[in-house]
Structures are given as structure tokens and as C-alpha cells.
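*Asks:* Provided below for reference: sequence and predicted model.
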2 protein chains.
Amino acid sequence: MSIGEILFGRPLRSQDQKQERIGPLPGIPVLGLDALASAAYGPEAALAILMPLGVLASSYIIPISLLIIVLLIIVSISYRQTIPAYPQGGGSFTVAKENLGPLPGLLAASALSIDYILNVAVAISAGVGALVSAVPPLLPYTLALCLVILVILTIANLRGIHSAGLAFMFPTYLFLICLSASIAIGLVKICLSPHGHPVPLVKPAVPDFTGIATAWLLVRAFASGCTALTGVEAVSNAVPIFEKPTVVLAKRTLSIIMTLLALLLAGIAILAHAYGIGAMDQGQPGYQSVLSQMIGAVSGRGVFYYVSMVAILMVLALSANTSYADFPRVCRVLAVNEYLPPGFAHRGRRLVYSHGIVILAVLSGALLVGFGGRTDRLIPLFAIGAFLAFTLSQLGMVFHWLRSREGHAMRRLVLNGLGACATGATLLVIAVSKFTEGAWLTIVVIPPFVFLFLWIRRRQRRMEKEAAADGPLDMTHLEKPIVMIPIRRLNRVARNAIRLALTLSDEIYAVQILTEDLHVRNISHRWAEFVGKPCEMVGRCTPELVVLKSSYREFFDPFLGYVSTVSSRNPERTVLVIVPELVLRRWYHSIIPHRATLIKELLLLKGGPCVAVMNAPLYVGEACFKGDERNT
Amino acid sequence: MSIGEILFGRPLRSQDQKQERIGPLPGIPVLGLDALASAAYGPEAALAILMPLGVLASSYIIPISLLIIVLLIIVSISYRQTIPAYPQGGGSFTVAKENLGPLPGLLAASALSIDYILNVAVAISAGVGALVSAVPPLLPYTLALCLVILVILTIANLRGIHSAGLAFMFPTYLFLICLSASIAIGLVKICLSPHGHPVPLVKPAVPDFTGIATAWLLVRAFASGCTALTGVEAVSNAVPIFEKPTVVLAKRTLSIIMTLLALLLAGIAILAHAYGIGAMDQGQPGYQSVLSQMIGAVSGRGVFYYVSMVAILMVLALSANTSYADFPRVCRVLAVNEYLPPGFAHRGRRLVYSHGIVILAVLSGALLVGFGGRTDRLIPLFAIGAFLAFTLSQLGMVFHWLRSREGHAMRRLVLNGLGACATGATLLVIAVSKFTEGAWLTIVVIPPFVFLFLWIRRRQRRMEKEAAADGPLDMTHLEKPIVMIPIRRLNRVARNAIRLALTLSDEIYAVQILTEDLHVRNISHRWAEFVGKPCEMVGRCTPELVVLKSSYREFFDPFLGYVSTVSSRNPERTVLVIVPELVLRRWYHSIIPHRATLIKELLLLKGGPCVAVMNAPLYVGEACFKGDERNT
């Protein structure tokens, strides 16, 4: 197994990708991970806003969480209706575009894209937050740890994640078990304790502040807590991956995920209140995440604590990973609709959309660096995109039912309308209350995304129009091309290219560039014997050898210059450059810069309009032509 | 001007690069910047080791600096002799390889490469250290600032730095003036004050420690301080860039640079002693670099202070930049000697060695992230590479003189031998004293580099042997190739490719892949009319249209599968894939993933040995063939 295969995996063939259908049990981890993981940062984000209230903070977390849970239920019911309406998968872009028009669709797509980028940054930074809670000496390395996890995720995704279901199942269920167990133990202790305030095993940090709860503060806390809802749309986007009865199973999975999330949020709120847990400043030494404090208070710092923290870290890292799966798919849908270049619609070597993955990694990395890898600074940017997409998607569903002639359409319209109103109102609350803390950045970034998509589509349309043609093919000027071959030695690679050239044309120039330092010997004295004579013998024209001297140790420019000269001297004819290439079938072949690729790029940029490039590959250890010297 | 040109500059043609010759005045900034900038972190590195001594630290800095200056003088004299011996430029690799053999040469090259990577990290982190000294609120953003500067430098270098001399001159001389002025004022104040300890305008931080100076501590301080010597080799590497009399001017420039550096080091040591300046912990709030404390103590926090800090930041950033110039050159020399793939020997679009630059940026970025952007953590890794290269280079010079028949060869041998002994001994001291602090990392990394170079050369040699051929060209089996053209529509782009194919072969297959979602219409009903008839009329064979259906929304695999089938059915013949391409001559053309490039990569990896790929570019707004539909 080569290093490349270890790092990036064996290239997959398209046939290898079976449409693996799943049931609710693997469906919960695969599609619910993102939503469930947000339980790890949603309540913390709300408590972080309440920090100035000190011990009072934990009293307000219960009503706030209740409101968030009500919102969650409304959104879930609303999305349950999207599933049967779009059994082929109803992403926000699709629903918004089909019912509201292309512009709202693009708005939803931009919002979602930005949210996916933010999700990577937030999930990684929250995971690292859990890690430094468990191992405090790591605190100064927060950003470095974030970037390391980002790189690992990116490599893993460029590899293509294969049996994703299995890889997701273990950590998700471990996370659910640990958190539920903590909450259950905590609830029992609360019931047993006289005043409902059990004694914590590890005392949570009680902040010294004693501010007053203003309505504004509570609104902001609610807005931050709403990040717990991100990831809710995953099931309705991915309906086709369920076994039959597809729609029933998808709806059931969505309901289970939402119930679990609601229970987790409720449990965390009750325990935070009972134990008096508040958020801490992530930049200060001694930082503990809310879940770390909670599990520590309930069960002490034993094995269970560390297992739970590992589960949280894993689930958050995997939740970042869902963006790696979803973002490239959004890019693909946009590319199919011509809002992105067609390259985004094609899969890379491991059947993944490599370009989307690289862009996602770069943008999330920039966010992590820009915000120092701290969750609390990233949260205000988050959730706007998600709630904008939610609202547009629900609104799209309202119009869908308006046009629908199904029974119950009216009832469904009302339910989706309720969802749209709830998410729309929340969106407004978030946008206003978080505006100065960073939300403006998200709001400012969305329109340029939309314009970029529109510009790309216009440009592609223009190029298509430019290329349009009708009528019969023109058959004039079908002369054979002039062939030029850059060669260094008269070895098998060059001979392979010359033989190929001989099958294509009668006018062939082999160009040798003599540079000072690259130890190349002039081959002109052997040309007549090795090439000229054999050609004469079979009555073919002899390829001409052109030797160019480069005083400047430079290969490309003399060669490109010669190609341009010949091309401009023969404006009516195509100049075909054949680049000999020795190819070793190894993973690093595509990493190493190749002359053929470089020459092609340079000729595309600088060459005349009549220059085409082809490669004449000779594979190490594989023979093609019967006439290959090795075999004669 | 396009965005790409603003960001990366206009592509340069090789002829544009004049061999600009320089004299000593621009020579000092261009070649001495790296050496002079190390005055900003060398003394600080020594003082950082002495931190446990508290106020006593500043007493020991004078003898340690003296020792470093003596070493500097020995090394300078030794390198002065390399200049006339290698007037074409005597890099460590060249000198070591020619006199000691390829293995020591590679050792020197590896050591230098690692040092160049470290230089980027150390210089940037020291520069950011100066910045956060001047603007303390920026301290938590240390790593982020480092990475931002790294990205700016990388983009600037991919652009190609043009009038480097001018850009370097201003900050270097500003730096020299500010530092000299501070030192001069400080010296005057020292002379005027009664006990030689003038009152500082801004009190430097006096650490609370009062440890005892062990010999071991002093040795470690010396080893750290030796980082001040990095960059000394620059002049002897780059002799050819001087005006005539080249050798004289180069020697003069080297002497001036070394004298300036020695004076700076001495001045900083004396002032640190007089004002009782010590190093501070870079991780703690309130951090001040040694130079920041020194300039503050001498002149207060006025305009002069801030100008000086800006000059230090600029010089350090530019000193990181010298690695960007030198590392790709080392890569190029290695590539010319076949120790790296030939791609490293070619220049990119702005006449720079792009691949080396990208690798340098990635590795330095990893170092910065790994070490949190803190100079004090990076310093122990540094200088080992430089001193290993110094030692090998001097040792090479000793052998050079041994074989030389020049007069004075013996005297020169002794001088270079002295240099080799001094740098060798220092190397040992650094390696031993810094081993546990990180030097082991450098020592561990050097051998794999050497092995990598050897492996690459062996592989290239093997491939060359594999490709070797002799005797006349084989002329059997020169049938025309089978041509395959993937097409989507019968537009100008496709027609262009078909016309090109008609000039090359009589057996042509146009392959249309119908996917579900890409809105492509079947063109078979128009094929006979638009292609078949015209071909018949001029008596050419008609290209065959093959329509393949892809149920899986996938273009590549059905096409590649068809190519493989045809190729394996015709094992004796070449299959030529012509990829139609619509090209817009814009900078982003090479960023957007192209079908032609992807198909070529995929066919190289998966295609049979007899498959060649060519592109048939159609340029937007430019016509090639007279027969282009637009013009008829």
C-alpha cells in the first residue's frame, strides 16, 4: 500500500458507490449528529450571554430553554411536512427555488453555505473547548488544536468517508448515553436532595457578577441559544437514503432526533439550574465548558467524566464533518443549475466533490484563525444563515401548499406558515440582538455570495451563447496540423511521441532545447541515422530536428517562442504540440508538477488560438505499441 | 487590470528578467537583511535563557555577546575566502558537494532547507513580538497575526518581487538608523551617568527571579544567542549579482554587513547591561521584546519608539522573505542535480519557482501553528541547520585548498579550518544544550530529507534507464489512431474538435453522455444532417455518434469506461481522446477545474497504456480555423 493510498485512500470507481439505504437506527447518527451535537454548544451560548448575572444566570436558563424547545417542536412539525412533499430530498435551495423563484433559492443557498462554513468552525472550537476543559494545560494551544483537527477532517474527507454510518454510530450513541446518564443521575439527585439543589461532586465555577436581568439580555441569550437548532433540516434534505417505506422512516427518524434533542436541552437546563452552573470565559485559564461542569458536578472527575468528554469531542468533530458532506453537495446542486462552474459538479478521485471540500476547509480555517478558535466569538455569526434558510424553506412550503390540490393542503399550509413565522421571528431577533457582535458580518456576506452565483451563471450563459452554432459542419481547410514535439533525448519516451506524430501528420518538428545546466547532449548527429533513414525507408516524410539554445537555463520560453513563431507564420493551420511524458502509475504522479500540464497551461494563456496540446504518455513497465523499442 | 493581476501581478516573460547587477549600497539590504535582522532576536534569545537569573542576567550578556562576536568574525573571514574561490556563487550545497562528495552536499542542502523554513517562522514570530510589544492588546492574536503575515508574504512572492532592492533598502536603512541612534544615545547617557547605569525613561521589566548562573545555563544562553549568526552565508551564495569588480565588491559588502552586525550586537549587550534589561515571557500579558524595552528606556515611548518598532517589524518580515528567495533556489539546484523532480527547476508565471514557495509556506505555517507563533519556542530548533551548513561549507573549503595549487592556499586552508572548527564546535554546543528543548526535532528531520533526495534521484535515474533506447526508430504499426471526442452539444466548441479530429484520423467516435440533470438534449437526430452529409460530400468518413446514458448523474465514468472498452478491443492502436474546451483568457481560467485537465488526469491514472489526450481549445472572441462557424 502506498503512502498516498494510506493518506487519501484507493481511488474509488463510480460503480463502487452503492446507494446504501438506511433505517432509523443508523439514520439518527448520520443525519441527527449535527442537531444533537448542538446540545453541546447551544445552552453554553445562552449561558455565556447571561454571565453578567452571576448565580442568577442559572435561574433564567430554564424559561429560555423552554422557549427554544417550543421553537424546536414547531420547526420539526413543519419539516415533517417537507418530507412527503419532496421525497427526492427537499433542500432549502430546491424548495425555495421551486416555489419562490431563483433569487430566494440563491439566498437560501448562500445562507446555507455560510452556515456550513461556520458550523465547521463552531463545532471544532466547541470540541476543543471540551478538550481543554478536561486537560487544562492545553488551553494556550486552543487555536493550534483547532487547526490540527481541521486538517485531519479535510484529509479524511478528501479520502472520502466510506462506511460513514458505522463511524458515526458509535460516538453518537456514546454521546447520547453519557449525556442521558448524567442527566438521569442528576435528576435523581435533585429529587433526593431537600431543596432541589444537590451538592456537586466537583464544584462548578460561580461567577462573581451580580447584574440585573434586563429583557434585552434575555432576548440576546435566547438568540444565542437558538444555535441549538442548527442541523434540523438534515433529514428532510436526505430523504432518498432511507429504506422503504422511505417517507415513513424519514419522518420517524426526524421525530426521534428532535425528541432526543429536546430532552437533552431540557435536562441540561434543569441541571444547570439545580447545580448553579454558569458559562466561563473561554480565554481565561481554568476554563470549563458547561457540559464539563455539569458532568463533573454530577459524577465527579472519574472515568465516566473523561469518557463523556471524549464522546463530546468526537461528536463535535464529526458534526463539523457533516458540513464536509453537505457543503460540496450544495455546491454541486448550484453547479448543476449553472450557478457554479461545472467542475463543482464532478467528483474527485474518491467520489467526493474535492473542490468544495478544499474551499470549505480554507474558509473555515480563516474563520478559526480570525476568531482565535474561540466558540463564544464565533457563535454570534452562526445561526443567522440557518434560520434564513429555515424561513425561506418553510415559506416555500407555504406556496407549495397554496398551489397543491391535495387534501389537507390547507392544514399543512397553516402548519408550515406557523413554522415560517416562528423561524422568521427568531431570525429577526437574532439579527437585531447579535448585530453588533458579529451578525452584521454574516448579513454583509450573503448578498455578495448571491451576486457571485448570478454572475457565474450569466457568464456561463454568455459563453454558451458565444459557442452556439447551427447548420452543417464546415469542411473547408481540413489540412493536417503542424506537429511540434519538445524532446530532450532520443529515448523511448521521445520515440513514442515521434511515432504518434508520424501517424497524425506529414509536417513534424522535433524541438530540442539545449540549456547549460541540465546535462543534455545534442542529438542532431544521430538524427539522420535513427529517424531520417527509417522514415525514408518506409516512404514517410522525415521529422525535422530543431535545436534551440537557451542561454538562460530556461526551457519554457524558447520553446513557447518557437511555437508562436511557427503558428503565426501558418495562420491557417493548427499547430499541435505533442508532449512526451513518462508516467509512473503512482498517487504522487498528480502532485508532482508535470511539463505536459505546465506547457498546456502556458499555451492556453499565451499560445495563439490555433495551438492544441496533446500528451504522448509512456507508462513505466507497460507497453503500448508493438513498435515500442523494448519489445522488438 | 484584472483581480488576478492585482493579486499575482502580470505574468512575466523570461526576457523581462534582466540580470540586475548591484553595488554594496543596495547589496547590504538585499543580502545582509537576514543577518542584520537576527540582531533583533539573537540577543533576546540569549537573555531568555538567562531569565531565571533575574537582574543578574544583564551582567552575563556582555561576555556571551563578546564570544558570539568573535565567532562572527571568524566565520566572516572564512566566508570571505569562499567568494574568490566560487565567484559563480558558492552555496553550501555546491561547496560541500564539489569538495566532500554528494552525501555531505545533500546534508548541507537538507540543513539549509530546514533552516530556511525555520527562518520564516522565527522572523515572523519575532516581528509579531515587536508588534505586540508596541500594541499590547494584540497579544492574544499573536498566532493569527503570524499567519496573516505569512499569507501576505506568500502571495507577494508568488507574484514575484520585482524591484526587491528598492523595497529592501528603505526598511533596512531605517532599521539600522533607529537601532544605531538608540545605541548611540544610550552610550552617551551611560557615559554621562555617574555609575554607568542611566535612569531609563520607560522602566524595563525586572524579573523577580534570582537564580545562580551555572556554566550549563551560560552555555545554553550562548547557544541560543548564536541564532544571531544566521544569514551570514548570503553574500557568498550570491556573488554573481555584484557589479564589476565582482569579487572585490562582494568581499567589501560582506565585511560591511558583518561589521554592522557586530556593532549592533555589542551595542545591544552594553545597553541591556546598563539599563538592566532582561527577556520577558512571550506568553504573558505585558510582554515586551528586548529591543522594545531598550528603545523605550533610552528614548521613551514617543514617535521615535513607534518608528523604530515599525522598522523592526518590517525588517523581520522582509528577513522571512529572504527564505522565500533562497529556499526555491536550493530546490532548483537540487532539481538540476536530479535530487528533486524537474518541476522544481521551472519557473512559474512570474518567473519564480512557485512550487518551492508553496511548500515553504505550508511547512512554515505548520511550524507557526505547532509552536503557537512564539519565538522563544522556535529558537531552539533554529541555528542547528545553519551551523551544520556553515561547518560543511567551511570543511569543503579546507579540502578545496588542499587540492588547490594557488599561492597562499595553505594560509587559506588554515583560516577556513579555523572557521570549520569554530562553527563545528558551536554546532555541537547547540545540539547538546538545546537537544531536549526541540533541537532533537531538527536533528531527527535532517536524515529523512537526505533519504528523500536520494530516493528521488534513484527513482529518476531508474525511470531514465527504463526510458533509454538506442538504434533506429521502429516504423511498424503506424496506423492512424482511433479518435474519441466527448461532446455535450453540437456547438462551436464541439465542431472545432470534430474538425480537428477529421484532420487526424478516419475513425472518429463522438461520445455524448446523457445525464439526468445536466439539461443536455440528444443530438443524434441532427447528426446525419449536420455531420454525416458534409463529410460524405467531401468524401471523408463520417464520425460516428455514440450516445451513452448515465443513470447516475455522472459524466466521467461512463466516458472513461467506453474509452477503456474501445482501447482494449484494439490493443494495437492508439486511442486519442480529444477534449473540446472553451477558453476564456482570464487569470481564473487556471484556477477553475477543467474537464480537459480532469479527463487527462483520470486517463493517466486509469486509462490503458495506449490512450493519449489532447485538447481542442476554442478561444472566446478569437477565431482560428477559417472554417469556424462564426466566420462563414
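*Replies:* Noted; the coordinates are in hand.

*Asks:* looking at this, residue A:540 is in a helix?
*Replies:* No - counting by DSSP: H, G, I helix; E, B strand; the rest coil, residue A:540 falls outside a helix, being coil.

*Asks:* spatially nearest residue to it, not counting backbone neighbours?
*Replies:* residue A:502 (6.0 Å; CB to CB, 6 or more residues apart in numbering or on different chains). For glycine as for every other residue, the C-beta is placed from the backbone atoms N, C-alpha and C.

*Asks:* next up, the contacts around the one you found.
*Replies:* Residue A:502 makes contacts with A:508, A:535, A:540, A:543, B:475, B:478, as judged by CB atoms under 8 Å, 6 or more residues apart in numbering or on different chains.

*Asks:* what subset of those residues is buried?
*Replies:* Buried members of the contacts of residue A:502, counted by 16 or more other CB atoms under 10 Å in any protein chain shown: A:508, A:535, A:543, B:475.

*Asks:* show me the contacts for residue A:530.
*Replies:* Counting by CB under 8 Å, 6+ apart, residue A:530 makes contact with A:490, B:471-473.

*Asks:* just the buried ones among these, please.
*Replies:* The buried subset of those - by 16+ other CB under 10 Å - is A:490, B:472-473.

*Asks:* export the residues you listed to JSON lines and tack on secondary structure, pLDDT and distance to residue A:318?
*Replies:* Below are the buried ones among the contacts of residue A:530 laid out as JSON lines (DSSP: H, G, I helix; E, B strand; the rest coil; pLDDT from 0 to 100; distance: CB to CB, whole Å):
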{"residue": "A:490", "secondary structure": "coil", "pLDDT": "85", "distance to residue A:318": "56"}
{"residue": "B:472", "secondary structure": "coil", "pLDDT": "83", "distance to residue A:318": "63"}
{"residue": "B:473", "secondary structure": "coil", "pLDDT": "84", "distance to residue A:318": "59"}
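
*Asks:* work out for me the element the closest residue to residue A:424 other than its chain neighbours sits within.
*Replies:* Using CB to CB, 6+ apart and skipping the chain neighbours, the partner closest in space to residue A:424 is residue A:391 (4.5 Å). Under the criterion of DSSP states H and E, residue A:391 resides in helix A:384-403.

*Asks:* which other helices and strands does that helix contact?
*Replies:* Applying 3 or more CB pairs under 8 Å, 6 or more residues apart in numbering or on different chains; DSSP states H and E, one finds that helix A:384-403 contacts helix A:57-85, helix A:92-100, helix A:102-134, helix A:409-433, helix A:439-467.

*Asks:* got the phi/psi numbers for the nearest residue to residue A:199 once chain neighbours are set aside?
*Replies:* Leaving aside its sequence neighbours, residue A:199 sits nearest to residue A:193 (CB to CB, 6+ apart; 7.4 Å). Main-chain torsions, residue A:193, degrees, to the nearest 10: phi -80, psi 150.

*Asks:* just to revisit the earlier point, wait, which of the contacts of residue A:502 is closest to residue A:342?
*Replies:* residue A:508 (34.8 Å; CB to CB).

*Asks:* just the element for that closest one, please.
*Replies:* Taking DSSP H and E as the criterion, residue A:508 maps to strand A:507-515.

*Asks:* show me where chain A has its strands.
*Replies:* Along chain A, counting by DSSP state E, strands occupy A:482-487, A:507-515, A:544-550, A:575-583, A:611-619.

*Asks:* out of the ones you listed, which gets the lowest mean score?
*Replies:* Per-segment mean pLDDT for the strands of chain A reaches its minimum on strand A:611-619, at a mean of 79.

*Asks:* which helices and strands does it pack with?
*Replies:* helix A:492-504, strand A:575-583, helix A:595-606, helix B:595-606, strand B:611-619.

*Asks:* pLDDT value on whatever residue of the stretch 351-500 of chain A ends up closest to chain B, please?
*Replies:* Across the stretch 351-500 of chain A, the shortest distance to chain B (CB to the nearest CB) belongs to residue A:474, at 3.8 Å. For residue A:474, the pLDDT comes out at 83.

*Asks:* how close does it get to residue B:583?
*Replies:* Separation of residue A:474 from residue B:583 (CB to CB, to the nearest Å) stands at 20 Å.

*Asks:* just to revisit the earlier point, columns distance to residue B:108 on top of the buried ones among the contacts of residue A:530, output as JSON lines?
*Replies:* Shown next, in JSON lines, are these (distance: CB to CB, whole Å):
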{"residue": "A:490", "distance to residue B:108": "35"}
{"residue": "B:472", "distance to residue B:108": "45"}
{"residue": "B:473", "distance to residue B:108": "43"}
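
*Asks:* on that earlier part again, what sits against the residue nearest to residue A:424?
*Replies:* Residue A:391 touches A:420, A:423-424, A:427, counting by CB under 8 Å, 6+ apart.

*Asks:* now pLDDT and neighbour count too, for the residues you listed, in JSON lines please.
*Replies:* Below are the contacts of residue A:391 laid out as JSON lines (pLDDT from 0 to 100; neighbours: other CB atoms under 10 Å in any protein chain shown):
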{"residue": "A:420", "pLDDT": "91", "neighbour count": "22"}
{"residue": "A:423", "pLDDT": "90", "neighbour count": "27"}
{"residue": "A:424", "pLDDT": "91", "neighbour count": "17"}
{"residue": "A:427", "pLDDT": "90", "neighbour count": "23"}
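
*Asks:* of those residues, which is the nearest to residue A:50?
*Replies:* residue A:427 (21.6 Å).

*Asks:* how about that closest one, nearest residue that isn't a chain neighbour?
*Replies:* For residue A:427, the closest residue by CB to CB, 6+ apart turns out to be residue A:387, at 4.0 Å.

*Asks:* mind giving me the domain split of chain A?
*Replies:* Chain A breaks down by automatic domain parsing into domains covering A:20-459, A:482-631.

*Asks:* what's the closest of the ones you listed to residue B:123?
*Replies:* That would be domain A:20-459 among these, by CB to CB, at 19.2 Å.

*Asks:* one step back: let me know which of the helices and strands packed on helix A:384-403 is tucked in deepest.
*Replies:* helix A:102-134 (a mean of 26; mean count of other CB atoms under 10 Å in any protein chain shown).

*Asks:* for that one, what is the distance to the chain centroid?
*Replies:* Chain-centre distance of helix A:102-134: 10 Å, with CA atoms, centre = their mean, to the nearest Å.

*Asks:* other SSEs contacting that helix?
*Replies:* The contact analysis (3+ CB pairs under 8 Å, 6+ apart) places helix A:102-134 against helix A:92-100, helix A:142-159, helix A:290-299, helix A:303-336, helix A:354-370, helix A:375-378, helix A:384-403, helix A:439-467.

*Asks:* do me a favour and average the pLDDT over that helix.
*Replies:* Per-residue scores along helix A:102-134 average to 88.

*Asks:* and stretch A:270-279, by the same measure?
*Replies:* Mean predicted confidence for stretch A:270-279 is 87.

*Asks:* contacts for that stretch, please.
*Replies:* A:43-44, A:47-48, A:50-51, A:54-55, A:57-59, A:61-62, A:182-183, A:186-187, A:190, A:196-198, A:200, A:204-207, A:290, A:293-294, A:297-298, A:376.

*Asks:* hmm, which of those residues are the buried ones?
*Replies:* For the contacts of stretch A:270-279, a neighbour count by 16+ other CB under 10 Å gives the buried set as A:43-44, A:47-48, A:50-51, A:54, A:57-58, A:61, A:182-183, A:186-187, A:190, A:198, A:200, A:204-205, A:207, A:290, A:293-294, A:297-298, A:376.
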